[in-house]
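>>> predicted coordinates and the sequence they were generated for:
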Amino acid sequence: MKKLGLMKGSEGMETARLVLRRFRPEDAPALAAYRSAPEVSRYQSWQAPVSTEEAERLVASFSATDPRYPGWFQYAVELRDAPGLIGDVGVCRTEDGRQAELGFTFGPAFQGRGYATEAVARVVEFLLVEEGLHRVSANCDGRNVRSASLLERVGFRREGHLVQSTWMKGEWTDDILFGLLASQYRAARDGYGR
């Protein structure tokens, strides 16, 4: 994968096939559409459907945050050769700036093609190598096998399994906890001759 770094003049990144950028008002309809899809919202905390008005509020909120400050920042993800929102990757930096949590959501039509893996891998590289964070973590619903597999492909290791730890949408669900240290990431990357 070609590394292109931060795009000058904006808070974004690129990969061979994707652009990760700040949300824009025109992203609201696509955000509402994929966050309303039952197969997308099933393992997420929000309730579907997501109205266009709610998506507009979310986009305004997402675009008002700074990716280098503590708290959540959502990167909008689009294809390099076909602009338009296909998903998002969220990063929540800790107050001390040494760690971050991440999450990701992609539209059904763009799942199973490696786009989410590519986007998450780029964000992890940015956080651990370019920004020098110590650790990145993630968690997912225990039934969400595809997300767990994606995290493991990127280099995360399973650190815990919390049984029936979250009450969500009328049922108790398990949480799988993942973590990746910068030292482990660098060692794995160097082992591949990058």
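Cool, the structure landed.

>>> pLDDT weak spots in the protein?
Scanning the chain for pLDDT under 70 picks out 1-11, 191-194.

>>> pretty sure V89 is touching F104, no?
Yes. Contact criterion Cβ atoms under 8 Å: V89 and F104 qualify, at 4.7 Å. The C-beta positions use only the backbone N, C-alpha and C, and glycine is treated the same way.

>>> residues that sit against both of the two, list them.
A119, V120 (Cβ atoms under 8 Å, 6 or more residues apart in numbering).

>>> helix, strand, or coil at V50?
coil (DSSP: H, G, I helix; E, B strand; the rest coil).

>>> that one contacts P29, doesn't it?
No. Shown here, V50 and P29 do not form a contact pair, counting by Cβ under 8 Å, at 10.6 Å.

>>> can you give me the helices in the protein?
Listed in chain order, the helices of the chain (DSSP state H) span 28-36, 38-41, 52-63, 115-125, 145-154, 182-191.

>>> JSON lines for those helices, including mean neighbour count?
Converted to JSON lines, the helices of the chain look like this (neighbours: other Cβ atoms under 10 Å):
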{"stretch": "helix 28-36", "mean neighbour count": "20"}
{"stretch": "helix 38-41", "mean neighbour count": "14"}
{"stretch": "helix 52-63", "mean neighbour count": "16"}
{"stretch": "helix 115-125", "mean neighbour count": "22"}
{"stretch": "helix 145-154", "mean neighbour count": "17"}
{"stretch": "helix 182-191", "mean neighbour count": "13"}
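
>>> out of those helices, flag the one nearest R80.
helix 115-125 (10.9 Å; Cβ to Cβ).

>>> contacts for the closest one?
By Cβ under 8 Å, 6+ apart, the residues outside helix 115-125 that reach it are 1, 3, 13-18, 20, 75, 77, 79, 86-87, 89, 91, 102, 104, 106, 110, 136, 150-151, 153-155, 180, 185.

>>> hmm, which of those residues are the buried ones?
13-15, 17-18, 20, 75, 77, 86-87, 89, 91, 102, 104, 106, 110, 136, 150-151, 154-155, 180, 185 (16 or more other Cβ atoms under 10 Å).
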